[in-house]
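K.L.:
Below are the sequence and a predicted model; questions follow.
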Amino acid sequence: MRVRFAPSPTGALHIGGARAALYNWFVARGSGGTFVLRIEDTDLERSTPENVEQILDALRWLELDWDEGPISQVARADRHGEALQQLLDAGLAYRTTATADDVKAYKEQHGHDRGFRGQDEGEGAVRLRVPDDEELVVHDLVRGDTTFRTVHLDDPVIARADSRVLYNFAVAVDDLDAGITHVIRGEDHLSNTPKQLLVYRALGAEPPQFAHLPLLHGPDGKKLSKRHGAASVQELRDAGYLPAAIRNYLALLGWGDEDDETIIATDELVKRFDISRVSKNPARFDEQKLRWLNGRYLRELSLDELTAELERFTGREGLRAVVEISHEKIQTFADFWPLVGFFFDGPTTEDEKSRAQWLDDAGRAALADVRAALAALPPDGFTVEAVDETLRGVVAAREAKPKQVFQPIRVALAGTTVSPGIFETVVVLGRDETLRRIDAAITD
C-alpha cells in the first residue's frame with residue numbers, strides 16, 4: 001500500500017491534519033507499505049518556506065517518519081504541463097475565456113440542474129470536458145459509496161490561462177505518478193473527488209481507493225477550525241504534551257476497535273488500526289481529555305526520565321527532588337513550573353486573595369506555633385515523617401481544623417494555596433528556608 005500526506009504550507013500543522021497524517025502512517029506501517037510526504041505549495045501567495053519547515057518539524061516531533069519526500073508540488077510544474085497538454089491534444093480539455101458570469105448565463109439558459117459546457121476558443125483558462133450524463137461513484141472505505149451525476153457538474157477549470165494548473169488537476173497527476181493506492185484525507189475533500197476522478201479517467205488511469213475522515217468538532221459540537229479551538233501541533237508541544245500521548249489521543253478520535261481501550265501504545269495501534277473501522281460521524285476534540293491522557297503517560301515515565309524531560313522543558317537543572325514530590329499533580333510539562341516555581345523564585349505575590357484569607361491574625365498566630373515546633377526539630381531529623389507528626393501536633397494543640405494550620409503554611413511558603421504535599425514541601429525547602437519564609441509571612 002502506498003499512502004500520502006499532502007499538507008498545504010499556508011500555516012501551522014493543526015490537529016486535524018496531524019490526525020490525517022497519523023492515520024496514513026498507521027496504514028503504511030501496518031501494511032509494510034510506503035508513506036509519501038508531499039507539500040502542496042501551489043498557493044504561492046500564502047505558502048512559505050517557514051511554514052514548510054514548521055510542518056516538517058511537527059511531523060518529526062510526532063515521530064511520524066516518511067519514506068519518500070517531501071515532494072514539492074510546485075517543483076512538478078513541468079510534469080503537470082505535460083499532462084495538461086496531453087488532454088488538450090486529445091480534445092479532453094479545452095481553452096475558454098468563459099467567466100463566472102458566462103457560466104451563470106449558461107445555467108439560466110439550460111437550467112440550473114445542468115453543469116456548464118463550453119466551447120474550445122483556443123485561448124483562456126483550461127477546462128476539462130465532463131460527460132453529459134454519467135454517474136461517478138466514489139467507493140469510500142469510510143463512508144461507503146457516494147454517487148455524483150455529471151449532469152450537475154460544470155466543466156471544471158483545471159489550469160489558468162498561463163497554463164499553471166489548479167489543485168484538483170495537480171493532485172490527481174501527483175497521486176498517479178507516485179503510485180498512491182489509498183488517499184486518506186478529511187471529508188472536506190469529498191466534493192473535490194469527482195473532479196479528480198474525471199482527471200484520472202481523462203488520463204486513462206485507475207483511481208486510488210479513497211477514505212474520507214470525519215471532521216473534528218470542538219467540545220461544543222461546532223466544527224473545529226483555526227478560529228475555533230484548533231490547536232496546532234506546535235502549541236501542544238509548547239504546552240508540554242508528550243508525542244506518544246497525542247498519537248494515542250488522535251488515533252481514538254473517530255476510530256476504535258472491539259477492545260474499547262483508552263491507553264494504547266503506538267506499536268499496538270499500528271497493529272490494530274483498520275481504516276474501515278473509522279466512524280462516519282464527527283469526532284470531538286476535548287483538550288481536557290487529552291490532558292488526562294497525557295497525565296497518564298507522564299506517570300509511566302521513571303523519575304529520572306521525567307526529571308530529564310522537565311529540566312529540558314524548563315531550562316533548569318537540579319529538579320529531581322521537586323519532581324519527586326510534584327509529579328502526581330501535573331498533567332503536562334507546562335503545569336510543572338506554576339506549581340513548583342516558588343521553590344526557586346520565592347513565594348508568588350500574585351495571589352492576594354489567598355494572602356488576605358490565610359495570613360490574617362489567626363493565620364499568623366498559627367504560623368508562630370508552627371515556627372516554634374519546626375525550630376525544635378534537630379537539623380538531622382527534618383524528615384517527612386517528623387514534619388508530618390510535628391505539624392499534626394500543632395493542629396491538635398490548637399484544637400483547629402488541619403486547613404487552619406496547613407493553608408497558612410502553604411501561603412507563607414508558596415504564596416498560594418496550591419502546592420505539592422505540605423510535609424514534602426517543607427522538607428524539600430529545608431529547615432532554614434522554611435523558617436525564613438514563615439518569619440517573613442508573620443512580620444509582613
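P.N.:
Perfect, thanks for sending it. Numbers count the residues shown, from 1 in each chain.
K.L.:
Just give me the neighbour total for Leu377.
P.N.:
Using other CB atoms under 10 Å, Leu377 is surrounded by 15 other residues. For glycine as for every other residue, the C-beta is placed from the backbone atoms N, C-alpha and C.
K.L.:
Just give the closest residue to it, not the sequence neighbours.
P.N.:
Ala386 (5.8 Å; CB to CB, 6 or more residues apart in numbering).
K.L.:
Neighbours of that neighbour, how many?
P.N.:
16.
K.L.:
what mean pLDDT would you report for the top helix by length along the chain?
P.N.:
The helix that spans the most residues within the chain, counting by DSSP state H, is helix 15-31. In this model, helix 15-31 carries a mean pLDDT of 97.
K.L.:
And for stretch 51-63?
P.N.:
The model assigns stretch 51-63 a mean pLDDT of 97.
K.L.:
Go ahead and name everything in contact with that stretch.
P.N.:
5, 7, 9-13, 18, 21-22, 37, 39, 41, 65-66, 70, 232-234, 237, 243, 246-247, 266 (CB atoms under 8 Å, 6 or more residues apart in numbering).
K.L.:
rewinding a little: using the neighbour-count criterion, name the buried positions in the longest helix of the chain.
P.N.:
Buried residues in helix 15-31, counting neighbours by 16 or more other CB atoms under 10 Å, are found at 15-30.
K.L.:
before we move on, what about stretch 90-107?
P.N.:
Buried, per 16+ other CB under 10 Å, within stretch 90-107: 92-96, 98, 103, 106.
K.L.:
Export it to CSV, keeping only CA atoms.
P.N.:
Output of stretch 90-107 as CSV, limited to C-alpha atoms (Å, rounded to 0.1, in the frame of the first residue of the first chain):
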residue,chain,number,x,y,z
ALA,A,90,-6.7,14.6,-27.1
GLY,A,91,-9.6,17.1,-27.1
LEU,A,92,-10.5,16.1,-23.5
ALA,A,93,-9.8,19.6,-22.3
TYR,A,94,-10.2,23.0,-24.0
ARG,A,95,-9.3,26.6,-23.6
THR,A,96,-12.1,29.2,-23.0
THR,A,97,-12.4,32.7,-21.9
ALA,A,98,-15.8,32.0,-20.2
THR,A,99,-16.2,33.9,-16.9
ALA,A,100,-18.3,33.1,-13.8
ASP,A,101,-21.0,35.4,-15.3
ASP,A,102,-20.9,33.4,-18.5
VAL,A,103,-21.4,30.2,-16.5
LYS,A,104,-24.3,31.7,-14.7
ALA,A,105,-25.9,32.8,-18.0
TYR,A,106,-25.4,29.3,-19.4
LYS,A,107,-27.2,27.7,-16.5
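K.L.:
Please tell me how far that stretch is from the chain's geometric centre.
P.N.:
Stretch 90-107 has its C-alpha centroid displaced from the chain centroid by 41 Å (CA atoms, centre = their mean, to the nearest Å).
K.L.:
Could you do stretch 377-393 as well?
P.N.:
So, by CA atoms, centre = their mean, the centroid of stretch 377-393 is 46 Å from its chain's centroid.
K.L.:
rewinding a little: pretty sure the residue nearest to Leu377 is in a helix, no?
P.N.:
Yes. Counting by DSSP: H, G, I helix; E, B strand; the rest coil, one finds Ala386 located in a helix.
K.L.:
thought it was touching Pro379?
P.N.:
No. At 11.1 Å, Ala386 does not count as touching Pro379 under the criterion of CB atoms under 8 Å.
K.L.:
what's in contact with the strand or helix carrying Arg95?
P.N.:
Element membership of Arg95, judged by DSSP states H and E, is strand 93-96. For strand 93-96, the surrounding residues in contact (CB under 8 Å, 6+ apart) are 84, 87-88, 118-129, 158, 161, 202.
K.L.:
now with 6 Å?
P.N.:
87, 118, 120-124, 126-128 (CB atoms under 6 Å, 6 or more residues apart in numbering).
K.L.:
hmm, which of these are the buried ones?
P.N.:
Counted by 16+ other CB under 10 Å, the contacts of strand 93-96 give 87, 118, 124, 126-128 as buried.
K.L.:
Now Pro379. Nearest residue, chain neighbours left out?
P.N.:
Per CB to CB, 6+ apart, closest to Pro379 is Arg431, 5.9 Å.
K.L.:
Confirm for me that the one you found is in contact with Phe382.
P.N.:
Yes. Assessed by CB atoms under 6 Å, Arg431 is found in contact with Phe382 at 4.8 Å.
K.L.:
Which segments of this protein make up each domain?
P.N.:
1-72+214-300, 80-159, 303-340, 352-443 (automatic domain parsing).
K.L.:
Tell me which of the ones you listed sits nearest to Gly346.
P.N.:
Checking these against Gly346 by CB to CB gives domain 352-443 as the closest, at 7.7 Å.
K.L.:
And the longest helix of the chain, what does it pack against?
P.N.:
strand 2-5, strand 34-39, strand 182-186, helix 266-272 (3 or more CB pairs under 6 Å, 6 or more residues apart in numbering; DSSP states H and E).
K.L.:
which residues touch that helix?
P.N.:
1, 3, 5, 7, 34-35, 64, 184-185, 216, 231, 233, 250, 253, 270, 273.
K.L.:
go on, stretch 344-363?
P.N.:
Contacts for stretch 344-363 (CB under 6 Å, 6+ apart): 342, 407-408, 411, 414-417, 441.
K.L.:
any weak-confidence spans in the stretch 101-250 of the chain?
P.N.:
Residue ranges of the stretch 101-250 of the chain with pLDDT under 70: 225-230.
K.L.:
what are the ranges of the helices in the stretch 251-400 of the chain?
P.N.:
266-272, 287-298, 303-314, 320-326, 336-340, 342-345, 352-358, 361-375, 384-397 (DSSP state H, counting those that start in this stretch).
K.L.:
And whatever helix or strand His80 lives in, how far out from the chain middle?
P.N.:
Secondary-structure assignment from DSSP H and E places His80 in helix 77-89. Relative to its chain's centre, helix 77-89 lies at 37 Å (CA atoms, centre = their mean).
K.L.:
next one: stretch 173-190
P.N.:
The answer for stretch 173-190 is 22 Å, by CA atoms, centre = their mean.
K.L.:
same thing with stretch 111-129?
P.N.:
Worked out by CA atoms, centre = their mean, stretch 111-129 lies 41 Å from the chain centre.
K.L.:
isn't Arg2 right next to Ile180, touching?
P.N.:
Yes. Counting by CB under 6 Å, Ile180 is a contact partner of Arg2 at 5.3 Å.
K.L.:
Neighbour count for the two, which is higher?
P.N.:
Looking at Arg2 and Ile180 with other CB under 10 Å, you find the greater number of neighbours at Ile180, namely 23 against 19.
K.L.:
Let me know the secondary structure of that one.
P.N.:
From three-state DSSP, the assignment for Ile180 is coil.
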